[in-house]
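J.: Any chance you can model this:
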Amino acid sequence: MYTVYVLYSSKYNKIYIGYTSDLKSRFLSHNKLATKGYTVRYRPWEILFTEDFESKSEAMKREKQLKSGKGREFVWSKVQ
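T.: Residues are numbered from 1 along each chain as shown. Reported below is the predicted structural model:
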């Protein structure tokens, strides 16, 4: 099982889109454990929404879709 997730930083008004097979540890990494990368700069993060998929390829496809112009429009509509 793979999860596509969207994180939101209300402090910086930023979003992050990704996928993982272990959301709990990935979220911990984004908020506490990681020492470099995009998400470190905009902590704290909250999970805006998630979608589950059976295969990695389906999750990757959805992540790519959410990172497109229309996808980001959809994601930002969840923030309001």
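J.: hey, let's count contacts and neighbours off CA atoms from now on
T.: OK.
J.: quick one: the strands in the protein?
T.: For the chain, applying DSSP state E gives strands covering 2-9, 14-20, 46-53.
J.: Which strands or helices does the first one pack on?
T.: Right, strand 2-9. strand 14-20, strand 46-53, helix 56-66 (3 or more CA pairs under 8 Å, 6 or more residues apart in numbering; DSSP states H and E).
J.: tell me which residues in the last one are buried?
T.: Going back to what we said before, that points to helix 56-66. 56, 59-60, 62-63, 66 (16 or more other CA atoms under 10 Å).
J.: Kindly report the same for stretch 21-41.
T.: 21, 23, 26-27, 30-31, 39-40.
J.: Which residues does stretch 22-42 contact?
T.: The contact list for stretch 22-42 (CA atoms under 8 Å, 6 or more residues apart in numbering) reads 2-3, 9, 11-12, 14, 16, 20, 43-45.
J.: May I have it as CSV, with CA atoms only?
T.: The C-alpha trace of stretch 22-42 is given here as CSV (Å, rounded to 0.1, in the frame of the first residue of the first chain):
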residue,chain,number,x,y,z
ASP,A,22,5.0,4.4,5.5
LEU,A,23,3.3,7.7,6.2
LYS,A,24,3.9,7.8,9.9
SER,A,25,7.7,7.6,9.6
ARG,A,26,7.8,9.9,6.5
PHE,A,27,5.8,12.6,8.4
LEU,A,28,8.2,12.3,11.3
SER,A,29,11.1,12.7,9.0
HIS,A,30,9.6,15.9,7.4
ASN,A,31,8.9,17.5,10.8
LYS,A,32,11.7,16.3,13.0
LEU,A,33,14.4,13.9,11.7
ALA,A,34,15.5,15.3,8.4
THR,A,35,18.4,17.7,8.5
LYS,A,36,18.4,19.0,4.9
GLY,A,37,16.0,19.5,2.0
TYR,A,38,12.9,21.5,1.1
THR,A,39,10.7,20.5,4.0
VAL,A,40,13.3,21.3,6.7
ARG,A,41,13.1,25.0,5.8
TYR,A,42,9.3,25.3,6.2
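J.: chain center to that stretch: distance?
T.: Taking the mean of its C-alpha atoms, stretch 22-42 sits 10 Å from the chain's own mean (CA atoms, centre = their mean, to the nearest Å).
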